[in-house]
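Engineer: Provide a 3D model corresponding to the input given below.
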Amino acid sequence: MSREVDWRDATITQLFDEQVRTRPDAVALRFRGEDLTYAELNERANRWAHRLRSLGVGPESIVGVCVERSFEMIVALVATLKAGGAYLPLHPGEPAERFRYMLDQAGARVLLTHEQLVDQLPEVEATVVSLDGAVQPEPVAATLRSDTTPDNLIYVCYTSGSTGQPKGVSVPHRGVVRLIRGDYADLDPDETFLQLCALTFDPAAFEIWGALANGGRLVIHPPGTLALSEVAESLDRDKVTTLWLTTGLFHRMVDAHLDGLGGLRQLLAGGDVLSPAHINSVRQAHPQLRLINGYGPTENSCFTTCHEVTELVGATVPIGRAVTATDVYVLDEKLAPVPDGEWGLLYTSGTGLARGYLGRPALTAERFVADPFRPGERMYSVGDVVRRGADGTLEFRGRTDDQVKIGGYRIELGEIVAVLAEHPAVREAIVVARADRIPGEKVLVAYVVADAGEESLFPELRLLLHKRLPQHMSPAAIVLMDQLPLTRNGKIDRAVLPAPRRSPRDTDVEYEPPQTPVQALLAGMWADALAVEKVGLYDNFFDIGGNSLLAADLLVRIRDTLDVQMPAAQLFFRDATVAGLAETVDRAQEGDKA
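Structural biologist: Predicted coordinates for the structure are as follows:
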């Protein structure tokens, strides 16, 4: 394998260009059965890089990228880097206010998107450019000369913020290069990666650049909901060898498609605590598979530690040891090391560290502190409680704050509480993550104390949350209480907060029974999937405990049962009710008859 560029002093752009020089005819991308070679991808990216440069993009410029999984998404990223800029991933379903905040706070002057999304996006000050529109840039022969250095930005990734606004983590090229040239996995031209992650989720950088900066092949999963059966089909059809899964998706794949993982060479999972039972199931079924628990915050470029599981595990799955060019410390509150075997606070330093939080110097100074063991360097306070075993591996116990992980996404519960508190009738609120609504699934539950007589509170709170927060941050249930329980010390007693009723009725939507055979069939499927007694015509799928993974599985079941082909990308997000979905099914069936 060619290594003409020393990765320790390289940018992702240089590593990609190296692959173009040495492997021009190798397949770089596959999407819906069509392939692009490295030379073809480079040619497309060069066109757009020149266009971006003409729009003023250069080193430290931030370019918004709101593009679904496709060839265009990868072209947008490579072109942005070739022009010298950094990309800001944005989701097309993001609430308008939040979308504008991130774009404006990042100072992005250009927004790349799809033609079909242009009319759906909120009005912004940035120049909006359609990657697949009628106006395309002319072919160019030359690759732009880049002045980008390893310390320049490669992307900004916004994560939940405890103050009510998301915060942008600024990641330099050096951090991502260290990520994809690490020693924790085999990352070389022989690997075929499956790209599943939303671009707004930082492990997407591992999938994309782990393949393209190392000469591998990247298979792009079609956009829309992630149906497990379709993921399993892609693993087999496209001969995928390297796969990264969030903890929740890993558990579901093991439960439903364990055999489908057998063709992989290496499987990395993480984002939350892994189930030992599921880990052991994979070890027993596929002993040849390299199984890795990947752990780390966005502030340290995705992975901080990794643990390769080589034998059956006990009560917990270790998070492992530090990856390449990374140091990890287990310290007490005075920043002194704690002895092995004792619990302490995790700090990390090294090449993978982000610069900090974009435009938030005070918050950056609070979390990125001086490294007492490496003068002149910084370390990041992760906020996790861990201990180091006798063999040097780390074990995770929990958080020191209210941060939780849902579907792999990091969520500051305070941000949700801040939105709920905006409603004038809400006097007090708390949000917790519970695992008792859907077995094995953590969901967010909001407990609200409000003024009496607010009959419209449920729909108003739902509307407020929908306008301000992305779907993965919206509570699955809202529980009204007369008062929040307190401990003897006057703190909220989370241990005695009641479980939400396992019924759609806590959404305050009046129950209306299904009227047609299709509606009855769909309502029954929803009730079965969500483990509730009954579902009414106008219950919102996501308001009664649904999530994107359940939606994807349900969509496949509907297709198989009713033999209809329906648009998957935004099906549940257009009208996520039985009534709305039944209309979509009826139209599809009428179309098949025409």
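Engineer: residue ranges of the strands in the stretch 401-550 of the chain, please?
Structural biologist: All strands of the stretch 401-550 of the chain, identified by DSSP state E, counting those that start in this stretch, fall at 403-406, 409-412, 426-438, 441-450, 477-480.
Engineer: between the ones you listed, which one is nearest to Arg178?
Structural biologist: strand 409-412 (20.6 Å; C-beta to C-beta). Every residue, glycine included, has its C-beta placed from N, CA and C.
Engineer: Sheet partners, orientation included, of that closest one?
Structural biologist: strand 403-406 (antiparallel) (DSSP bridges).
Engineer: send the alpha carbons of the strand it pairs with over as CSV?
Structural biologist: Listed in CSV are the C-alpha atoms of strand 403-406, where the atom choice follows Å, rounded to 0.1, in the frame of the first residue of the first chain:
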residue,chain,number,x,y,z
GLN,A,403,-25.7,14.3,29.2
VAL,A,404,-27.2,11.2,27.7
LYS,A,405,-26.9,9.2,24.4
ILE,A,406,-30.0,8.4,22.4
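Engineer: what does it rub up against?
Structural biologist: Residues from elsewhere that reach strand 403-406, judged by C-beta atoms under 8 Å, 6 or more residues apart in numbering: 160, 162, 247, 271-272, 383, 410-413, 433, 442-444, 472-473.
Engineer: Show the buried residues in those residues.
Structural biologist: Buried subset of the contacts of strand 403-406 (neighbour count, 16 or more other C-beta atoms under 10 Å): 160, 162, 247, 271-272, 410-413, 433, 442-444, 472-473.
Engineer: Spell out for me which residue occupies the centre of this structure.
Structural biologist: For the chain, Phe201 is the residue whose C-alpha lies nearest the centre (C-alpha atoms, centre = their mean; 3.1 Å).
Engineer: Quick check: buried residues in stretch 287-299?
Structural biologist: So stretch 287-299, judged by 16+ other C-beta under 10 Å, has buried residues Leu289, Arg290, Leu291, Ile292, Asn293, Gly294, Tyr295, Gly296, Pro297, Thr298, Glu299.
Engineer: what residues are up against Ala10?
Structural biologist: Pro150, His173, Val177.
Engineer: Where does the last one sit, in terms of helix or strand?
Structural biologist: This points to Val177. For Val177, the host element (DSSP states H and E) is helix 173-180.
Engineer: elements contacting that helix?
Structural biologist: helix 12-22, strand 153-159, helix 203-212 (3 or more C-beta pairs under 8 Å, 6 or more residues apart in numbering; DSSP states H and E).
Engineer: Now it: average pLDDT?
Structural biologist: The pLDDT scores in helix 173-180 average 96.
Engineer: Give me the contacts around that helix.
Structural biologist: Against helix 173-180 from outside (C-beta under 8 Å, 6+ apart): 7, 10-13, 15, 148-155, 187, 205-206, 209-210, 213-214, 300-303, 323-326, 350-354.
Engineer: Toward the C-terminus, what is the element adjacent to it?
Structural biologist: Of the helices and strands lying after helix 173-180 in sequence (DSSP H and E), the nearest is strand 192-195.
Engineer: what packs against that next one?
Structural biologist: helix 203-212, strand 217-220, helix 228-237, strand 242-246.
Engineer: redo that, cut-off 7 Å
Structural biologist: In terms of contacts (3 or more C-beta pairs under 7 Å, 6 or more residues apart in numbering; DSSP states H and E), strand 192-195 is packed against helix 203-212, strand 217-220, strand 242-246.
Engineer: how about a markdown table for those, with mean pLDDT, mean neighbour count and distance to Arg462 added?
Structural biologist: Below are the helices and strands packed on strand 192-195 laid out as a markdown table (pLDDT from 0 to 100; neighbours: other C-beta atoms under 10 Å; distance: least, C-beta to C-beta, whole Å):
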| stretch | mean pLDDT | mean neighbour count | distance to Arg462 |
| --- | --- | --- | --- |
| helix 203-212 | 97 | 25 | 29 |
| strand 217-220 | 98 | 24 | 33 |
| strand 242-246 | 96 | 25 | 25 |
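Engineer: Dump those into JSON lines; add distance to Gly182 as well.
Structural biologist: Below are the helices and strands packed on strand 192-195 laid out as JSON lines (distance: least, C-beta to C-beta, whole Å):
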{"stretch": "helix 203-212", "distance to Gly182": "9"}
{"stretch": "strand 217-220", "distance to Gly182": "18"}
{"stretch": "strand 242-246", "distance to Gly182": "13"}
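Engineer: Can you say which of these is nearest to Trp526?
Structural biologist: Evaluated over the helices and strands packed on strand 192-195, closeness to Trp526 peaks at strand 242-246, with 23.4 Å, by C-beta to C-beta.
Engineer: what sits up against that closest one?
Structural biologist: Strand 242-246 has contacts (C-beta atoms under 7 Å, 6 or more residues apart in numbering) with 191-194, 203, 206-207, 235, 253, 264-269, 271, 407-408.
Engineer: Tell me the first helix or strand C-terminal of that strand.
Structural biologist: Next along the chain after strand 242-246, taking DSSP H and E as the criterion, comes helix 247-257.
Engineer: Buried residues in stretch 389-397, which are they?
Structural biologist: Leu394, Glu395, Phe396.
Engineer: same check, this time on stretch 307-322
Structural biologist: Within stretch 307-322, judged by 16+ other C-beta under 10 Å, the buried ones are His307, Val309, Val313, Val317, Pro318, Ile319, Gly320, Arg321, Ala322.
Engineer: The helices and strands packed on helix 173-180: which one's closest to Leu131?
Structural biologist: Among those, helix 203-212 comes nearest to Leu131, with 16.2 Å by C-beta to C-beta.
Engineer: could you say what helices and strands the closest one packs with?
Structural biologist: Packing partners of helix 203-212 (3+ C-beta pairs under 7 Å, 6+ apart): helix 12-22, helix 173-180, strand 192-195, strand 217-220, strand 242-246.
Engineer: could the helices and strands packed on helix 173-180 be laid out in JSON lines, adding distance to Glu342?
Structural biologist: Below are these laid out as JSON lines (distance: least, C-beta to C-beta, whole Å):
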{"stretch": "helix 12-22", "distance to Glu342": "39"}
{"stretch": "strand 153-159", "distance to Glu342": "30"}
{"stretch": "helix 203-212", "distance to Glu342": "31"}
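Engineer: Can you check which of the ones you listed gets nearest to Ala45?
Structural biologist: Judging these by C-beta to C-beta, what sits closest to Ala45 is helix 12-22, at 8.7 Å.
Engineer: and the closest one, what does it pack onto?
Structural biologist: Using 3+ C-beta pairs under 7 Å, 6+ apart, helix 12-22 sits against helix 38-54, helix 71-82, helix 173-180, helix 203-212.
Engineer: angle of the following helix or strand past the first one against helix 38-54?
Structural biologist: Next helix or strand after helix 38-54 toward the C-terminus (DSSP H and E): strand 62-66. Using axes from the mean of the first three to the mean of the last three C-alpha atoms, to 10 degrees, the inter-axis angle of strand 62-66 relative to helix 38-54 is 120 degrees.
Engineer: partner strands of strand 62-66, parallel or antiparallel?
Structural biologist: strand 86-89 (parallel), strand 110-113 (parallel).
Engineer: Counting neighbours, what do you get for the nearest residue to Ser474 once chain neighbours are set aside?
Structural biologist: The spatially closest residue to Ser474, leaving aside those adjacent along the chain, is Leu465, at 4.9 Å (C-beta to C-beta, 6 or more residues apart in numbering). Burial of Leu465 is recorded as 23 neighbouring residues (other C-beta atoms under 10 Å).
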